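This is a predicted model, with the sequence first.
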Protein chains: 2
Amino acid sequence: MAQQRRIDLVLDSVKRLLRIGATANLLNLLQKQHPADLAQIFSELPDKERDTAFSLLAERNGRLAMEAISELGPEAGAALLATRSADEIARLAQEIPSDDAAALIDYLPEELSAAVLDLMRPKESGVVENLLEYDEQTAGRIMNPNVFALAEDMTVGEAITALQSSRDVEMVFYLYIVDARRHLVGVISLRRLLLVSPETPLKRIMTPDPISARVDMDQEEVARLVASYNLLAIPVVEEGNKLVGIITVDDVIDVIKDEATEDMFRLAGVSSDEHVFTPARQSLRMRMPWLVVNLATAFLAAAVVGLFQNTISAWVALAVFMPIVAGMGGNAATQTLAVIVRGIALGELTWSNSRKALMKEILVGTGNGLATGIIAALVSWLMYRDPTVGALLAIAMVINLFVAGMAGTLIPLGLKALKFDPALVSTVFITTFTDVCGFASFLGLATLVTRYFHRAG
Amino acid sequence: MAQQRRIDLVLDSVKRLLRIGATANLLNLLQKQHPADLAQIFSELPDKERDTAFSLLAERNGRLAMEAISELGPEAGAALLATRSADEIARLAQEIPSDDAAALIDYLPEELSAAVLDLMRPKESGVVENLLEYDEQTAGRIMNPNVFALAEDMTVGEAITALQSSRDVEMVFYLYIVDARRHLVGVISLRRLLLVSPETPLKRIMTPDPISARVDMDQEEVARLVASYNLLAIPVVEEGNKLVGIITVDDVIDVIKDEATEDMFRLAGVSSDEHVFTPARQSLRMRMPWLVVNLATAFLAAAVVGLFQNTISAWVALAVFMPIVAGMGGNAATQTLAVIVRGIALGELTWSNSRKALMKEILVGTGNGLATGIIAALVSWLMYRDPTVGALLAIAMVINLFVAGMAGTLIPLGLKALKFDPALVSTVFITTFTDVCGFASFLGLATLVTRYFHRAG
């Protein structure tokens, strides 16, 4: 909170200094901020002022400016860069680690990013291009290739000397040990170096075969490894165990947050690229496809209702209660879906225990269908004094919540089996399922009753 | 993936060894595992076998057994402990850091946890009791009070000696510097110590005023600080800046995951205490209240439909299309809700920019209402050759999606203003809102049309 208040104060000053054109004071103030705070300040400035502030800072302190827009996220960061010349972007991109540069350059318009890569120093641009060759959302894409490694035949003393002369490498709290062909053979924590005499060979004190990630490993899997083994960083290796990079825990935190956002948004039918302040026009375009899909499925549900028009016009109380059956099924399915999708994401739900999960969800769905069905039957009987409608309501709810538990479990598991994201279903699909099933069971049963018992409302 | 296969193999062996009673081999195998792997193995064993395996391991290697169940999470871990005597639990609890012990003990039945605290060594139990006095979900509750701090008048050489003799303290990659009254005055990274001569005073090389968390800070806020400043740990201070503990990044990752699960589950109307394998009976009980609330709100929506029964019996096509209006509103509201709730959680949406967010959501809702409303009108006209129903459908959808955007933004913001969790609304409430509004606008408009234009289906 105190932090937030401080940032708000700085933000006010920045706006004031921009307004009166006090460039020197503004630069002074901006340069004193942490990159993360600058990112927040940039994000809260109106577009034009953000651009001015970033330009000023980029000229004076390119590194800080670039660190700030990296914190802002690659999409928003690239948007700020995109108005600049390829020359300038190439110069700025060299100020930050290549994984961050790659992420930003990847979001630039295609022509501009090609021009930038051409203009960067050959070595730097080679590294960035290599990173961009890995698939999105893999370890290779998010790693920093600038990893600090020591030869296995070094002593502790030599390692400390090497450390003292190294600059600008990420995370030297873990020292990775490689053999002559740069195969990863061990790891030593920085603290361990302080506890032994300088002549000790590294080989003797290293932990052999550290946990590592393959370049093509999914970033979600990488995050799971780092989180479950409480690591501060994980080495990244190529085929044959060759050390090629490192992923630090701060990048893992970003992955965990992004994946959680993605799952939550997918369930709600929102693109994972959306943010609170995605421009309205863009949000409108991004959400519309989901709503159109929903419309199509809603017409499907409506068509089911249409099949029973005669029953409804003869017995209009059915129209009053049919949304209840559908709605309850939709909500029960949403509950199951959230638990199952999150269980898969957290690694709690695996193939071996999926049967157990299915049985449980069916049991819970049916149980809740029975309980709420009886309540609904009683209330509807009190409202309409019509026991038949109540009984139909209860039976249809049991059927629909049974289906909700089953579909809410099987659909995400099925998507996982087909190598899709289990969260892809979104509640849109699952609620169609329960809408159709709810209307069909309730109105279908009602039609049978009217037909065979000559009952009408 | 390779990791998962390895664990599955170990799991099979564990089951086999348990079956044939090969205790010595089993212990051998279990002792070779990482605590995180053991946690997964325990979680996949049937209850009885899990209990046997844990008992065996706890007797031989209490520390590893306790580390494993800490990884399993405090709730499941406490369930495994609860069948044991207070004596034994007290002995085992002393094997792990006090923050982990406190989390486990907090989940034991009340009598048992009191007995355990009585039996622990006075110093240890004092520490645990102190931790349990902080509110849940605050920095004080999740910190480790065992923090490594150095006096500001020490030299680098003295600091290294102190480090060499320290055991069992968490995270010595950051060294916190305190004054004579244990006020936090600075921080030095372990690496920095290696770069300067031993006689350098710590005071000269420390970074003053490090970012810290107050004991009563919400754990979500702590996670936000650690994530945005890319920290590996954050010091925890009491009133007056006295250093009392440390929170490491691995605990922050757990907080981030838990909070994301909580938001996702709350939106879906599931208790945040639920897991995939919460026993069916318990899940049933935990989900039922939400479904009963939903039932009540569904009856409210049904009552709205009931008001228009006469209109419906005269014009039954309305019954066919009314779920479309309601359903589209529900889905649009769910989209808005997900974006707003996540925006608040990630700190992107603040008070100062909430107006902008509201305007955007209303614009997006209305825009999508217009676009999908026109499509719906055309389709319904093709189906029924009835332009009036189509026009009503389109108008009602614009109204309902406008309301969806507004309610989806204002309700979570309102909850935040009242100091509730913005995710508390859950889609249950918001869809009632859009159901009621959808039915009322569609059927209400239809009633006006039939009344004033003498139109009937």
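Sure thing, it's come through. Numbers count the residues shown, from 1 in each chain, chains lettered A, B, ... in the order given.

Which stretches in the stretch 351-457 of chain A count as helices?
Counting by DSSP state H, counting those that start in this stretch, the stretch 351-457 of chain A has helices at residues A:354-384, A:387-417, A:426-453.

ok and the first one relative to helix A:387-417, angle-wise?
With axes from the mean of the first three to the mean of the last three Cα atoms, to 10 degrees applied, the angle from helix A:354-384 to helix A:387-417 works out at 160 degrees.

chain center to helix A:354-384, what's the gap?
33 Å (Cα atoms, centre = their mean, to the nearest Å).

That helix vs chain B: in contact?
Yes - residues of helix A:354-384 contacting chain B under Cβ under 8 Å from any Cβ of the partner chain: A:356-357, A:359-360, A:363-364, A:367-368, A:371-372, A:375-376, A:379, A:383. Bear in mind the C-beta positions are built from the backbone N, C-alpha and C, glycine included.

circling back: which one, of the helices of the stretch 351-457 of chain A, ends up nearest to A:Leu175?
helix A:387-417 (37.8 Å; Cβ to Cβ).

tell me the angle of the closest one relative to helix A:426-453?
Using the same axes, to 10 degrees: helix A:387-417 against helix A:426-453 is 140 degrees.

What residues sit buried inside helix A:387-417?
A:388-413, A:415-416 (16 or more other Cβ atoms under 10 Å in any protein chain shown).

in the stretch 151-300 of chain A, which ranges drop under the pLDDT threshold?
Across the stretch 151-300 of chain A, the ranges flagged by pLDDT under 70 are A:167-172.

Next up, the contacts around A:Ser313.
By Cβ atoms under 8 Å, 6 or more residues apart in numbering or on different chains, A:Ser313 lies in contact with B:313, B:316.

Next up, the contacts around A:Arg281.
Taking Cβ under 8 Å, 6+ apart, one finds nothing in contact with A:Arg281.

can you check A:Ala260 too?
A:345, B:256-257, B:260-261, B:264.

Which of those ranks first by neighbour count?
B:Met264 (27 neighbours; other Cβ atoms under 10 Å in any protein chain shown).

Could I get the phi/psi values of that one?
phi -60, psi -40 (degrees, to the nearest 10).

wait, doesn't it sit right on A:Ala338?
Yes - counting by Cβ atoms under 8 Å, B:Met264 does reach A:Ala338; the two are 5.6 Å apart.

Need the overlap of contacts for those two.
Joint contacts of B:Met264 and A:Ala338 (Cβ under 8 Å, 6+ apart) are A:Leu267.

who in the stretch 351-457 of chain A is up against chain B?
So the stretch 351-457 of chain A meets chain B at A:352-353, A:356-357, A:359-360, A:363-364, A:367-368, A:371-372, A:375-376, A:379, A:383, A:427-428, A:431, A:435, A:439 (Cβ under 8 Å from any Cβ).

out of those residues, which are buried?
A:357, A:360, A:363-364, A:367-368, A:371-372, A:375-376, A:379, A:383, A:427-428, A:431, A:435, A:439.

which ones are touching the residue positioned nearest the centre of chain A?
For chain A, the residue nearest the mean C-alpha position is A:Glu259 (2.1 Å; Cα atoms, centre = their mean). Taking Cβ under 8 Å, 6+ apart, we find A:Glu259 in contact with A:219-220, A:223, A:345.

give me the element it is part of.
Element membership for A:Glu259, per DSSP states H and E: helix A:249-268.

still on that earlier bit, so can I have TSV of the contacts of A:Ala260 showing distance to A:Leu448?
What follows is the contacts of A:Ala260, written out as TSV (distance: Cβ to Cβ, whole Å):
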residue	distance to A:Leu448
A:Ala345	42
B:Ile256	52
B:Lys257	49
B:Ala260	46
B:Thr261	43
B:Met264	40
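
From those, pick the one nearest B:Val178.
Once Cβ to Cβ is applied, the member of these that ends up nearest B:Val178 is B:Ile256, at 28.5 Å.

ok, the closest one to chain A distance?
6 Å (Cβ to the nearest Cβ, to the nearest Å).

re earlier: nearest to B:Val237, of the contacts of A:Ala260?
Using Cβ to Cβ, these come closest to B:Val237 at B:Ile256, 21.9 Å.

The closest one and A:Arg191: what is the separation?
Look at B:Ile256 and A:Arg191: by Cβ to Cβ, to the nearest Å, they are 26 Å apart.

ok, which stretches of the stretch 51-200 of chain A are strands?
Counting by DSSP state E, counting those that start in this stretch, the stretch 51-200 of chain A has strands at residues A:149-151, A:174-178, A:184-189.

May I see the ones you listed organised as a markdown table, with mean neighbour count and distance to chain B added?
A markdown table is the format used below for the strands of the stretch 51-200 of chain A (neighbours: other Cβ atoms under 10 Å in any protein chain shown; distance: least, Cβ to the nearest Cβ, whole Å):
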| stretch | mean neighbour count | distance to chain B |
| --- | --- | --- |
| strand A:149-151 | 18 | 14 |
| strand A:174-178 | 22 | 10 |
| strand A:184-189 | 20 | 8 |
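
out of the ones you listed, which comes closest to A:Ile20?
Going by Cβ to Cβ, the one of the strands of the stretch 51-200 of chain A nearest A:Ile20 is strand A:174-178, 48.8 Å.

helices and strands around that closest one, which ones?
strand A:149-151, strand A:184-189, helix A:190-195, helix A:202-205, strand A:233-238, strand A:242-248 (3 or more Cβ pairs under 8 Å, 6 or more residues apart in numbering or on different chains; DSSP states H and E).

tally of neighbours for the closest residue to A:Ser13 other than its chain neighbours?
Counting by Cβ to Cβ, 6 or more residues apart in numbering or on different chains, A:Ser13 lies nearest to A:Leu29, which is 6.0 Å off, once chain neighbours are set aside. A:Leu29 has 16 neighbours, counted by other Cβ under 10 Å.

For A:Leu29, which residues are in contact?
A:10, A:13-14, A:17.

and which of those is nearest B:Val252?
Nearest member of those to B:Val252, counting by Cβ to Cβ, is A:Val10, at 24.9 Å.

Excluding sequence neighbours, find me the nearest residue to the closest one.
A:Ile41 (6.2 Å).

So for A:Arg141, what's the pLDDT?
On pLDDT, A:Arg141 comes in at 90.

in terms of contact, does it touch A:Asp218 like I think?
No - if you go by Cβ under 8 Å, A:Arg141 and A:Asp218 don't touch, sitting 10.4 Å apart.

Residues of the stretch 101-250 of chain A that sit close to chain B?
A:160, A:163-164, A:172-173, A:190-191, A:193-195, A:211, A:217, A:221, A:225-230, A:232, A:249-250.

repeat that for 6 Å
A:160, A:163-164, A:172-173, A:190-191, A:194-195, A:227-230, A:232, A:249-250 (Cβ under 6 Å from any Cβ of the partner chain).

Of these, select the buried ones using a ChimeraX command.
Buried members of these, identified by 16+ other Cβ under 10 Å, are gathered into one ChimeraX selection as follows:
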select /A:160,163,172,173,190,194,227,228,229,230,232,249,250
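
Look up how far A:Thr372 lies from the closest residue to A:Ser380 other than its chain neighbours.
Nearest residue to A:Ser380, sequence neighbours excluded (Cβ to Cβ, 6+ apart): A:Gly390, at 4.7 Å. Using Cβ to Cβ, we find A:Gly390 at a distance of 13 Å from A:Thr372.
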